[in-house]
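# Quick one: sequence and predicted model below, then my questions.
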Amino acid sequence: MNNITLIGRLINNPELNFIGESNNTVTSFTIAVSRNYKNKIGIVESDFIRIEFWGKRAEICAQYIQKGKLVAIEGSIRTDRYETSEGSYKYKTWVLGNEIKFLDHNKSSDKKYYESPQIFNESNESTSTNISDEELTF
């Protein structure tokens, strides 16, 4: 079974691209996911994970999220192997997203995030998190 759930903050704005002759939409971005322990000097470190969405969800991501936003991602891990010009192999690992949930928002944009039923399959409840800039690990 290849399932992963991540909660993290975007470290860059989503990049929307159109692939192939049929113009399939793909959006990619990176999130910082905090580890649940502190290092030797008391700092919580983060892992930086590349996320990719295709189709309608790619368009939603490009339209509604931006750098610094807290999101929950459900998806699967993907790995590509390729050969370099020197003959060695490199690996690229990322998460292919199936679902995304926007976990923080400001009050002026409540309707923008939660008014459209296509974005979420569940209730329109919002979850907010109060995190100061000092607590961010990136």
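Structure received. Numbers count the residues shown, from 1 in each chain.
# Relative to the strand or helix carrying residue 31, what are the paired strands and their orientations?
Assigned by DSSP states H and E, residue 31 belongs to strand 24-38. Using DSSP bridges, the strands paired with strand 24-38 in its sheet are strand 4-10 (antiparallel), strand 15-19 (antiparallel), strand 44-54 (antiparallel).
# any chance of those strands in CSV, plus distance to residue 70 and mean neighbour count?
All C-beta spots, glycine's among them, are computed from the backbone N, C-alpha and C. Shown next, in CSV, are those (distance: least, C-beta to C-beta, whole Å; neighbours: other C-beta atoms under 10 Å):
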stretch, distance to residue 70, mean neighbour count
strand 4-10, 5, 17
strand 15-19, 19, 12
strand 44-54, 13, 16
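# how about those strands in CSV, adding mean pLDDT and distance to residue 76?
CSV is the format used below for those (pLDDT from 0 to 100; distance: least, C-beta to C-beta, whole Å):
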stretch, mean pLDDT, distance to residue 76
strand 4-10, 96, 6
strand 15-19, 94, 19
strand 44-54, 95, 11
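# Export the ones you listed to a markdown table and append columns for distance to residue 65.
Shown next, in a markdown table, are those (distance: least, C-beta to C-beta, whole Å):
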| stretch | distance to residue 65 |
| --- | --- |
| strand 4-10 | 6 |
| strand 15-19 | 11 |
| strand 44-54 | 10 |
